[in-house]
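J.: Starting from these lines, generate the structure:
(one chain, ligands or ions: 2)
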Amino acid sequence: MTHWNFEYWARWVRHSAQATVLLLAVTSCDDLVTQVSAPNAHLPPCVEQNCNCGDFVSQELAQLVLNEDSNDPYNLDGDGNGRACERLPQATPDLDWETYFSNSPHIALGNPSHAGQENIDNYLIDRDQYVLAYSQSHGGLRWASWVLNRDWIGSTERQNNFRPDGILPKGTYQVTPRDYTGSGYDRGHMVPSADRTATERDNSATFLMTNIFPQTAENNRGPWKELEAYCRDLIYQQGKTLYIIGGVYGQKQPIAKQRVIPPSRTWKVVVVFDDEPTVDNVNYSTDTIVVDMPNGNRLDEQWQTYQTSIDRIELATGYDLLSDIPDAIQAELEARQSKH
Ligand code: MN
Ligand code: MN
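T.: Numbers count the residues shown, from 1 in each chain. Ligands and ions are numbered 1, 2, ... in the order given. Predicted structure coming up:
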């Protein structure tokens, strides 16, 4: 609201005869306006909607939110002892050591959770079509990363061949399409089927159950889908190349005999390129689109409502996004509030 009022005022000022004096006022207000439009920049994104304990990966993050308002509007401190969500792990877990190195263009900007092939809860699956990190204890991916440009888009129709992923190591439970039956959740794609339509093989790869997560219909068919379409428009209409990282965190009631834990939040970071999506082609003014939204049942249709910063997603997940981008540029891009 504040932001809109300011824009309105700024427009009025530009049309005003007393522009010189008033523009000085606008300039000196600039810092103030920045603070007002991002008052929660240091908190996890759920505070923009409605947090609950399932939205946090650690007690310390829940405590951060409780400390912000001791009236506890989200009821994080049920027993009133001043400690939020006490059943959560105390601290956000450290990242695994980085042990997997890949030339895949899909992770050219970094491996957000340092996924490798030792930890089955942070297990890297490296395909021609995308790279993702799978977690057996969640029964699903944590994040996926993929390049999207015109080369990946063709006329292959949706294959709809949802199936278990045999690439998982022996002894790992392979989630099946039927595990979602009757759960109330959609079989939501992380890498969208429509982003991989050049060949049948490419499209089929998106229907492996490791690329699927339990997604509410309101998220999947609402703002999430709108953002997917917006991204493809950037390709069709402006010839852009996108580097996309999409992920989930938090937990809701398990399904499939406790084998699959639906996430409570879904997020996406899109880095927009005019040319090859490499570290060398990123600079201070590289455009990014960043969202974090509830995997819930009351969502705004506008994906823009859920815009946030990369820093806030890193805080909420414990990951290091865009880690291969030089530190100064990385810091600048990550602090920026997405505004589209
Ligand atoms: Mn979808
Ligand atoms: Mn980072």
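J.: CA only for contacts and neighbour counts going forward, please
T.: Will do.
J.: Return the residues of the stretch 51-200 of the chain in contact with ligand 1.
T.: 188, 189 (C-alpha under 5 Å from the ion).
J.: what about the closest residue to ligand 2 within the stretch 51-200 of the chain, neighbour count?
T.: Using C-alpha to the ion, the single residue of the stretch 51-200 of the chain nearest to ligand 2 is residue 112, 7.9 Å away. Neighbours of residue 112 under the rule other C-alpha atoms under 10 Å: 25.
J.: So it versus ligand 1, what's the distance?
T.: Separation of residue 112 from ligand 1 (C-alpha to the ion, to the nearest Å) stands at 22 Å.
J.: Residue 127 too?
T.: Relative to ligand 1, and taking C-alpha to the ion, residue 127 is found at 20 Å.
J.: check contacts around that residue.
T.: Neighbouring residues of residue 127 by C-alpha atoms under 8 Å, 6 or more residues apart in numbering: there are none.
J.: where does it fall, phi/psi-wise?
T.: Residue 127 adopts backbone torsions of phi -110, psi 160, taken as degrees, to the nearest 10.
J.: tell me the centre residue of the protein?
T.: Of all residues in the chain, the one closest to the mean position by C-alpha atoms, centre = their mean is residue 267, 1.9 Å from it.
J.: what packs against the host helix or strand of that residue?
T.: Taking DSSP states H and E as the criterion, residue 267 maps to strand 265-273. Judged by 3 or more C-alpha pairs under 8 Å, 6 or more residues apart in numbering; DSSP states H and E, the packing partners of strand 265-273 are strand 241-249, strand 287-294.
J.: Show me which positions of the helix or strand that the last one is followed by end up buried.
T.: Read that as strand 287-294. The helix or strand immediately downstream of strand 287-294 is helix 310-317, counting by DSSP H and E. Buried positions in helix 310-317, judged by neighbour count with 16 or more other C-alpha atoms under 10 Å: 310, 311, 312, 313, 315, 316, 317.
J.: of all these, which comes closest to residue 136?
T.: Nearest to residue 136 among the buried residues of helix 310-317, counting by C-alpha to C-alpha, is residue 317 at 17.2 Å.
J.: quick one, what contacts the closest one?
T.: Counted by C-alpha under 8 Å, 6+ apart, residue 317 has contacts 57, 249.
J.: What of the one 3 residues further on?
T.: When contacts are counted by C-alpha under 8 Å, 6+ apart, residue 320 is found next to 111, 112, 113, 314.
J.: Using CSV, write out every CA atom in stretch 189-201.
T.: C-alpha atoms of stretch 189-201 as CSV (Å, rounded to 0.1, in the frame of the first residue of the first chain):
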residue,chain,number,x,y,z
HIS,A,189,5.8,-30.9,-11.5
MET,A,190,8.9,-28.9,-10.4
VAL,A,191,10.4,-28.8,-13.9
PRO,A,192,7.1,-28.2,-15.9
SER,A,193,6.1,-30.6,-18.6
ALA,A,194,5.6,-27.6,-20.9
ASP,A,195,9.3,-26.5,-20.4
ARG,A,196,10.5,-29.7,-22.0
THR,A,197,8.7,-30.3,-25.3
ALA,A,198,11.5,-30.6,-27.8
THR,A,199,11.4,-34.4,-27.8
GLU,A,200,9.4,-37.2,-26.2
ARG,A,201,12.4,-38.2,-24.2
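J.: let's have the chain start at 58 instead
T.: From this message on, residue numbering opens at 58, which makes the last subject stretch 246-258.
J.: average pLDDT across that stretch?
T.: Stretch 246-258 carries an average pLDDT of 98.
J.: So, low pLDDT: which residues of the chain?
T.: Along the chain, the parts satisfying pLDDT under 70 run over 58-94.
J.: that older thread, distance of the residue of the stretch 108-257 of the chain closest to ligand 2 from residue 292?
T.: Distance, residue 169 to residue 292, using C-alpha to C-alpha, to the nearest Å: 24 Å.
J.: Mind splitting this protein into its structural domains?
T.: 59-92, 103-150, 152-392 (automatic domain parsing).
J.: residues in contact with stretch 256-267?
T.: Residues contacting stretch 256-267 (C-alpha under 8 Å, 6+ apart): 186, 191, 197-198, 211-222, 232-234, 246, 248-251, 253-254.
J.: Which positions within it qualify as buried?
T.: With the criterion 16+ other C-alpha under 10 Å, stretch 256-267 contains buried residues 259, 260, 261, 262, 263, 264, 265, 266, 267.
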